[in-house]
Structures are given as structure tokens and as C-alpha cells.
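J.: Sequence and predicted structure, then a few things I'm wondering about:
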Amino acid sequence: YTFFSSINELPSQDWEHVVPSHRLFLQRSYLQAMELAPTTNTQYRYAILYREQEPVGVATFQILDIPLDELGNAVNTSRVRRALGWTGSLHNTPDGRPAIRLLVCGNPLLSDSVSVAHTATISTQEMMTALPKMLTTLRKQEEKQAPTTFVVVKDLHPEEADVSTQALASYHAPHVDPSMCLHVRPNWQTTQDYLDDMTSKYRQRYRSARKKGKDLTRRTLTADQIDLHTEQLQELLSNVCDNAPFKLTSIKVTTLAQLKRSLNDNFQFAVYELEDKIVGFTAAFLNKAVPGQESRLEAYLVGIDYDYNQSHKLYLNMLYDFVEQGIEDRVDLVHLGRTAWEIKSTVGAEACYRHTWIRHPNCLINYLVSPLINLVPATQWKPRNPFKSYSNEPRKR
């Protein structure tokens with residue numbers, strides 16, 4: 001395997017030989033857009049796996065430097081600082097703040113993205129066996145900059161997770177809250193079909209939300225228009241991000257404009273206006289169908305002016321709009337992300353689970369932190385069912 005520090009260093013022919021067309025988050029256009037407008041604490045790395053000089057696999061990685069004071073009071077304590085300092089797991093940011101460093105195979109900005117791919121020349125098991133070796137090599141290379149606190153393999157799909165048990169035996173598998181996924185039924189050709197499958201209680205909830213939001217207008221923006229409203233849109237995005245209890249990294253509106261330029265119709269951006277004032281926005285990726293593959297609409301980010309959220313049911317109307325957009329675009333799945341589980345279940349989304357592994361580079365410390373990682377509690381919430389018939393069991397996808 002060979003590592004690269006920039007998308008421009010990648011041998012295009014080798015990368016594209018491995019990456020299928022439906023893997024949007026492994027496409028060079030997406031990766032380049034993220035590089036051109038990066039977050040402040042993120043570095044990108046890429047790897048191509050070869051067998052007898054033939055490219056057979058690829059993987060993407062991100063290196064995150066996270067100041068302790070951004071991780072919340074439970075982490076930013078003198079005891080935790082001393083413990084991490086004793087293990088040699090801390091370093092200082094350029095502005096002097098103590099920070100941890102994560103080496104992540106996965107996408108911290110997405111809750112269900114694919115970060116590895118391979119050709120039919122090798123099996124999934126061979127690819128997943130190579131992955132931890134690649135992570136170890138990359139970690140050792142990057143330690144010239146700063147020590148790695150934890151190595152994370154994030155959001156593996158079931159077929160990858162099933163064959164990874166032995167390869168990732170030294171990693172811990174903490175509880176990870178589910179993503180919320182709406183499976184678009186074949187009979188949903190229109191919004192009315194979607195409503196017809198609901199119970200009267202949730203049809204009334206839909207109509208009430210739409211009535212309260214009747215004065216909202218929805219308008220799609222081009223990249224240049226996003227740039228024109230950067231300051232206002234960033235404020236709306238910050239309103240939402242500041243309410244998050246925990247986040248690995250953050251994103252800027254300038255990145256959204258760059259994604260729109262790079263991905264065109266595969267990245268959809270819309271604002272919600274009230275009397276010519278922008279009070280919210282939504283951003284989503286559209287992964288169009290290819291034969292034999294699942295098509296999906298990936299809700300990415302929202303921005304909200306909370307002064308209008310209750311009075312106009314702004315967030316709930318955004319969720320309904322994601323659903324209606326998925327029906328209109330004829331996708332198989334609308335992915336709504338890993339937050340606000342209960343309200344998302346009221347529009348029909350179900351819990352979908354992914355597998356994540358984590359380990360400390362030092363074997364002894366990795367053993368000692370195992371009980372702490374496994375004590376992470378599951379978030380308690382009550383799933384709702386808006387439909388007339390369904391299975392009580394959450395989907396294991």
C-alpha cells in the first residue's frame with residue numbers, strides 16, 4: 001500500500017480503477033472539495049492497496065486534533081489531563097491548548113459513509129485484514145508531528161464488520177447510537193401515498209406542521225449564492241452545532257459552497273425564507289441509483305433560526321421535505337443522521353446500526369481503558385411509529 005497526503009497526489013487511474021461510480025464519498029470530486037475548504041483541525045490521508053502492482057483497494061483517513069476544552073466538562077478535567085499526559089497521548093495546538101489526536105478511518109462529518117473499497121480481485125476479508133496494518137503504518141509515520149491518542153475505524157457496514165472480528169481483535173467496540181433511516185416503500189409514488197400509509201394521528205401531525213409552515217418559502221441556491229449569504233448561513237449552522245453535546249469536528253459554509261461547485265446536482269442546498277429573511281437551510285447528498293446498488297438521499301446538515309422553530313415547525317418541516325425529496329427522486333433510502341432520534345422516527349425513520357472500533361496505540365494502555373470504553377451508556381429514547389403496520393424490531397443494516 002502507498003499513502004498520499006493530497007487528492008492531487010493520487011494516481012487517478014489507479015484510484016478510479018478501484019472506486020465504483022456509486023461510492024460518492026470516495027469520488028475525487030467530493031474528496032477534493034473537502035480538501036479545498038477544510039476544517040481547521042483536520043488533515044486528510046489516502047491509501048491505495050496493490051497486489052502485484054495492480055490497484056485492488058483504497059481507503060481514506062482523517063487526522064483530527066481536538067482540544068480538550070471542546071470535548072465537554074467530563075473530559076476536560078485535571079484528572080483526565082493528568083491521565084492522558086501520563087500516557088503521552090496529549091499534544092498542544094498552535095495556540096497552546098492541550099489536545100488529543102485521532103486517526104480515523106471513516107468520515108467524522110457523516111454518520112454512514114463508506115471509507116474503504118476494493119475490487120473483485122480480493123475479498124472483503126482480505127481488505128479488512130489489510131486495513132489495521134495500514135492504520136499502524138500510517139500512525140507511525142504521522143507520529144513525527146504528534147502522538148496519536150486513539151485509532152478509530154468508523155461506521156463499517158455489516159459485510160465488512162462480519163469479517164473484521166479477527167483483524168480488529170485488539171480494538172474495542174463501544175456502543176454507538178444508531179443512525180435514522182427511512183426506507184422508501186415501492187408504492188410511494190407521491191407524498192399522498194406516503195400519507196396514506198400513516199395512521200390518522202401522524203397524518204394530522206403532518207398537516208399541522210405544514211399549516212404552521214405555510215408562510216415559509218423554500219429556494220435552492222447555487223454555489224455563488226451560498227457564497228453571497230455566507231455570514232448569515234454560518235450563523236444558522238452555528239445555532240445547530242453549538243447545541244450538539246459532542247462533535248469530532250465542525251464545518252464551514254465555505255465548504256458547502258465548494259461541495260456544490262464540485263458535485264452539482266449530487267449536492268442539494270436549499271434555504272427557508274420568511275418575508276425575504278433566511279431562517280434556515282438544508283444540505284443533502286444525492287447518491288443516484290446504479291444497477292444492483294441502493295440509491296439514497298443523505299441529509300447532511302441543517303441550519304436553523306430557533307426563534308422560528310416552534311412557531312413555524314421549521315425543523316419538522318425540513319424532515320418532511322427530506323422525505324418528499326427522497327420520494328420525488330425515487331431513492332431507496334433517506335438517511336437522516338445520528339441525532340434527534342425520536343422526532344425523526346415520527347416521520348417514519350428507523351434505527352440503523354453501524355459498527356465502530358477504537359484502540360489506543362499502546363497495548364497496556366489499550367487494555368486498561370477497555371472498561372471505560374465499554375461503560376459508555378446507550379442514549380435512551382422512545383421510537384415512534386407513524387405507519388399503520390411495521391415491525392417492532394430495528395433494522396440491522
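T.: Sure thing, it's come through.
J.: Tell me the pLDDT of Cys181.
T.: Among the per-residue scores, Cys181 holds a pLDDT of 94.
J.: Next, work out how far apart it and Ser115 are.
T.: 19 Å (C-beta to C-beta, to the nearest Å). In short, each C-beta sits where N, CA and C put it, glycine included.
J.: Over to Asp14?
T.: Asp14 is 17 Å from Ser115, where distance means C-beta to C-beta.
J.: Which secondary structure element of this structure has the lowest mean pLDDT?
T.: Across the helices and strands of the chain, mean confidence by mean pLDDT, DSSP states H and E is lowest for helix 78-86: a mean of 66.
J.: Show the subsequent helix or strand relative to that one.
T.: Going down the chain from helix 78-86, the next helix or strand is strand 91-92, by DSSP states H and E.
J.: which helices and strands sit right next to whichever helix or strand comes after that next one?
T.: From strand 91-92 onward toward the C-terminus, using DSSP H and E, the following helix or strand is strand 98-105. Helices and strands in packing contact with strand 98-105 are listed as strand 54-67, helix 78-86, strand 91-92, helix 124-142, strand 150-156; criterion 3 or more C-beta pairs under 8 Å, 6 or more residues apart in numbering; DSSP states H and E.
J.: As JSON lines, the ones you listed with distance to Thr2 and mean neighbour count would be great.
T.: Output for these, formatted as JSON lines (distance: least, C-beta to C-beta, whole Å; neighbours: other C-beta atoms under 10 Å):
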{"stretch": "strand 54-67", "distance to Thr2": "9", "mean neighbour count": "21"}
{"stretch": "helix 78-86", "distance to Thr2": "32", "mean neighbour count": "12"}
{"stretch": "strand 91-92", "distance to Thr2": "27", "mean neighbour count": "14"}
{"stretch": "helix 124-142", "distance to Thr2": "10", "mean neighbour count": "18"}
{"stretch": "strand 150-156", "distance to Thr2": "20", "mean neighbour count": "23"}
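J.: where among those is the average confidence lowest?
T.: Least confident of the helices and strands packed on strand 98-105, judged by mean pLDDT, is helix 78-86 with a mean of 66.
J.: how much space is there between the residue of the chain most remote from its centre and Thr121?
T.: For the chain, the C-alpha farthest from the mean C-alpha position belongs to Glu52; by C-alpha atoms, centre = their mean, that distance is 33.9 Å. Distance check for Glu52 against Thr121: by C-beta to C-beta, it reads 10 Å.
J.: Could you list the low-pLDDT ranges of the chain?
T.: Filtered on pLDDT under 70, the chain yields the residue ranges 38-40, 71-81, 83-87, 244-249, 289-292, 374-377, 390-397.
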